[in-house]
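S.K.: Got a predicted structure plus its sequence, pasted below:
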Amino acid sequence: MRWLFLLLVLLNVFFWIQHQYQSPVRVKEITPLDSYNRPQQNITLLSESSAKERRSSVSPLAAENGCLFLGGFDDRLPAEALEQRLLSLDVQSEIQEVDTASGVDYWVYLPPLASRQASLRQLRELQSRNIDSYIITVGDLANGISLGIFSRKDSAEGVVARLREVDYAALVRELPRMHRKYRVRVGAASRGQLDDAMLQGLKNDMPELQHRQMPCAGVATSE
């Protein structure tokens, strides 16, 4: 019996070892190494590529530096033509009117008297002496008398001196001489659409074109 028991044990061991060697081998899948190093490819539409190329030629800080002001025209027509030209380039803009000081005029006048009737009597006296004069109807000199506006200071002082000879104490007030100009404002949102090449092309077609970049917020309509 002892030998039979040992024989059974040996047979069990033999069958166990045989089963281990015949078990299927599991294959572990390994991701190829080149898939980690392979660059990702992005699909770009043809319609987007042209816009990207245009934006790449513009400084990335262009939109942050404020608005671009083009012009300095004495007439509105060139400003309108420039606005239409920018619109054809897909650049949004708007026309602005700017009043700039271009010199000083000199206003000779007599101050208002105590009443309008008194000023009218004084006006009739001056006109009877063939002195050009007009009643002032508005402003802080209302009911005063205007004796003319002169571009030269010595001309105004000459009139004051002649009136002093006939007992009229005339005064002189300086008036800024304003000149209206027209310019086109390109906002920060559209500034990136106008690169240096486009700007140079506009200047070639409009030699009088001036450009200046200023902050968009708080820009006054007169200078």
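M.R.: Right, received. Where do you want to start?
S.K.: What ranges does this structure have for its helices?
M.R.: For the chain, applying DSSP state H gives helices covering 2-22, 34-37, 46-56, 76-88, 116-128, 153-165, 188-191, 196-205.
S.K.: Mind listing residues that contact the fifth one?
M.R.: The set of residues external to helix 116-128 that reach it, using C-beta atoms under 8 Å, 6 or more residues apart in numbering, is 110, 112-113, 133-135, 143-145, 147, 168. From N, CA and C alone the C-beta is placed, and that goes for glycine too.
S.K.: Domain-wise, how is the chain divided?
M.R.: As recorded under the TED database, the domains making up the chain are 64-100+177-211, 102-175.
S.K.: What is the end-to-end distance of the last one?
M.R.: To tie it back to what came earlier, the one meant is domain 102-175. Taking C-alpha to C-alpha, to the nearest Å, the first and last residues of domain 102-175 lie 11 Å apart.
S.K.: next one: stretch 67-78
M.R.: Stretch 67-78 end-to-end distance (C-alpha to C-alpha) = 20 Å.
S.K.: what bridges to the closest residue to Asp74 other than its chain neighbours?
M.R.: Nearest non-adjacent residue to Asp74, counting by C-beta to C-beta, 6 or more residues apart in numbering: Lys181, 6.3 Å away. Note on Lys181: beta-bridge partners by DSSP bridges are Val98.
S.K.: any idea how far Ala101 is from Lys181?
M.R.: Counting by C-beta to C-beta, to the nearest Å, the separation of Lys181 from Ala101 is 11 Å.
S.K.: Show me which of these two is the more surrounded one.
M.R.: Lys181 (20 against 11; other C-beta atoms under 10 Å).
S.K.: on that earlier part again, which ones among the contacts of helix 116-128 lie within strands?
M.R.: Cross-referencing the contacts of helix 116-128 against strands under DSSP state E gives 110, 134-135, 145, 147.
S.K.: Turn those residues into CSV, including pLDDT.
M.R.: Output for those, formatted as CSV (pLDDT from 0 to 100):
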residue, pLDDT
Leu110, 96
Tyr134, 94
Ile135, 94
Ile145, 95
Leu147, 95
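S.K.: what pLDDT does the nearest residue to Val186 once chain neighbours are set aside get?
M.R.: Nearest residue to Val186 in three dimensions, chain neighbours excluded: Leu68, at 4.2 Å (C-beta to C-beta, 6+ apart). On pLDDT, Leu68 comes in at 89.
S.K.: With Ser151 instead?
M.R.: 91.
S.K.: Could you pull up phi and psi at it?
M.R.: phi -80, psi -20 (degrees, to the nearest 10).
S.K.: so who does the closest residue in space to it that isn't next to it in sequence touch?
M.R.: Spatial nearest neighbour of Ser151, chain neighbours left out: Asp105 (5.8 Å); criterion: C-beta to C-beta, 6+ apart. By C-beta under 8 Å, 6+ apart, the residues touching Asp105 are 149-151, 174-177.
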